[in-house]
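*Asks:* sharing a sequence plus its predicted fold:
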Amino acid sequence: MKLNISFTHLYSFSAAHRLYSPVFSDEKNLQVYGKCNNLYGHGHDYTVEITIKGEPDKESGMIIPSTEMNSAVNNLLSELNYKHLDKETPFFLQHVSTGEIIIQFLWDELNKRIPNRLLYHIKLWESNNNYFEIGEDI
Amino acid sequence: MSGNVTISKKFDFSASHRCWKEDWTTEKNQKWFGVNDSPYGHGHNYELHVTVIGSIDPQSGMIINLSELKEKVNEILDQFDHKFLNHDTPYFNDLVPTTENVARILFQLIDKKLSGYKTLRLKKVRLYERHDLYADVWRDTE
């Protein structure tokens, strides 16, 4: 019987953002984004569940060295942590920082940084009450 | 009525383990396992989610009686609870008790335990080693 094995580690970062799209008028922005359009921004403690899938290494019993996964993720999240996303991070100077866009950014960046196409799924919690997912189902 | 229905139950056990290979250098151990942990091991409150899939019995309306599932899984977890996994269980003498490996062993043991049932089978286990660390194991052909 062949088994699939995945491994998930939770990480977190805290950031401010403001939902605002330059293609909308100020009125339309307020209408679309509501309180998330607040002029001076607002923030979240984001939690990210990063899942990798692959056959665990025969010797170590792990899919990827712990330090390799942690440094890939932590290096990326340090670019966002304690920042105002829309004012201080290059990607979100150009893109609206909705959960949908943030999770796509994380997916693309981590695929570059985690080797062997091991990245399988990401779940991004924007608050305790809403989350976004990308990748294969787990 | 159609659609596949699954039933899941949560279990917990507390155990210590040590992820370390004696024939590796300290540097290599730290690269893979991340911590230079105590030679005497360290412990976790593990949480196990067991998911079963099967047909619903027309009389009882259930896939499996939860108290039966509880009894069968706990027979296995009794070997793990309040134990040092490396030494007190037969499974990790030559296998590092990483989250992945403990989850895989638990899948295999529970799957075997449920093999007597003709109308259901184990679909998936999720093992939380800590609240921020877990492994999933599921069959390749679903």
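*Replies:* Thanks, I have it.
*Asks:* now do the helices in chain B.
*Replies:* Across chain B, reading from the start of the chain, the helices by DSSP state H fall at B:26-33, B:66-77, B:85-88, B:99-113.
*Asks:* winner for burial among those?
*Replies:* Stretch with highest mean neighbour count among the helices of chain B: helix B:99-113 (a mean of 22; mean count of other C-beta atoms under 10 Å in any protein chain shown). (Glycine included, C-beta is placed from N, CA and C.)
*Asks:* could you pick out the residues of chain A near chain B for me?
*Replies:* Along chain A, the residues adjacent to chain B under the rule C-beta under 8 Å from any C-beta of the partner chain are A:1-11, A:51, A:56-57, A:59-63, A:65-68, A:70, A:138.
*Asks:* let's see which of the residues you listed end up in helices.
*Replies:* Secondary structure of the residues of chain A next to chain B is defined by DSSP H; positions in helices are A:66, A:67, A:68, A:70.
*Asks:* which of the residues you listed are buried?
*Replies:* Buried positions within these, assessed by neighbour count (16 or more other C-beta atoms under 10 Å in any protein chain shown), are A:66, A:68.
*Asks:* wait, which of the ones in helices among the residues of chain A next to chain B is closest to chain B?
*Replies:* Proximity to chain B was ranked across those by C-beta to the nearest C-beta; first place goes to residue A:66, at 3.4 Å.
*Asks:* ok, now which ones touch the closest residue to the closest one other than its chain neighbours?
*Replies:* With C-beta to C-beta, 6 or more residues apart in numbering or on different chains as the measure, residue B:34 is the residue that lies nearest to residue A:66, at 3.4 Å, once sequence neighbours are left out. With contacts defined as C-beta atoms under 8 Å, 6 or more residues apart in numbering or on different chains, the neighbours of residue B:34 are A:65, A:66, A:67, A:70.
*Asks:* can we see that at 10 Å?
*Replies:* Under the criterion of C-beta atoms under 10 Å, 6 or more residues apart in numbering or on different chains, the contact list for residue B:34 reads A:62, A:65, A:66, A:67, A:68, A:69, A:70, B:19.
*Asks:* just to revisit the earlier point, can you put the ones in helices among the residues of chain A next to chain B in a markdown table and add pLDDT?
*Replies:* Converted to a markdown table, these look like this (pLDDT from 0 to 100):
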| residue | pLDDT |
| --- | --- |
| A:66 | 95 |
| A:67 | 96 |
| A:68 | 96 |
| A:70 | 97 |
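*Asks:* now residue A:131. Its backbone dihedrals?
*Replies:* The phi/psi pair for residue A:131 (degrees, to the nearest 10) reads phi -140, psi 160.
*Asks:* can you count the residues close to the nearest residue to it once chain neighbours are set aside?
*Replies:* Nearest-residue entry for residue A:131: residue A:125, 4.5 Å, with adjacent residues in sequence omitted and distances by C-beta to C-beta, 6+ apart. By other C-beta atoms under 10 Å in any protein chain shown, the residues close to residue A:125 number 18.
*Asks:* now do residue A:125 against residue A:107, distance only.
*Replies:* 15 Å (C-beta to C-beta, to the nearest Å).
*Asks:* sheet partners, orientation included, of the longest strand that chain A contains?
*Replies:* Of all the elements of type strand in chain A, the one with the most residues (DSSP state E) is strand A:3-17. In its sheet, strand A:3-17 lies beside strand A:42-53 (antiparallel), strand A:83-84 (parallel), strand B:133-139 (antiparallel), with partners assigned from DSSP bridges.
*Asks:* okay, those strands, which one's buried deepest?
*Replies:* By mean neighbour count, with neighbours taken as mean count of other C-beta under 10 Å, strand B:133-139 ranks first of the strands paired with strand A:3-17 at a mean of 21.
*Asks:* show me how far it is from its chain's centre.
*Replies:* Going by C-alpha atoms, centre = their mean, to the nearest Å, the spacing between the C-alpha centre of strand B:133-139 and its chain's C-alpha centre is 8 Å.
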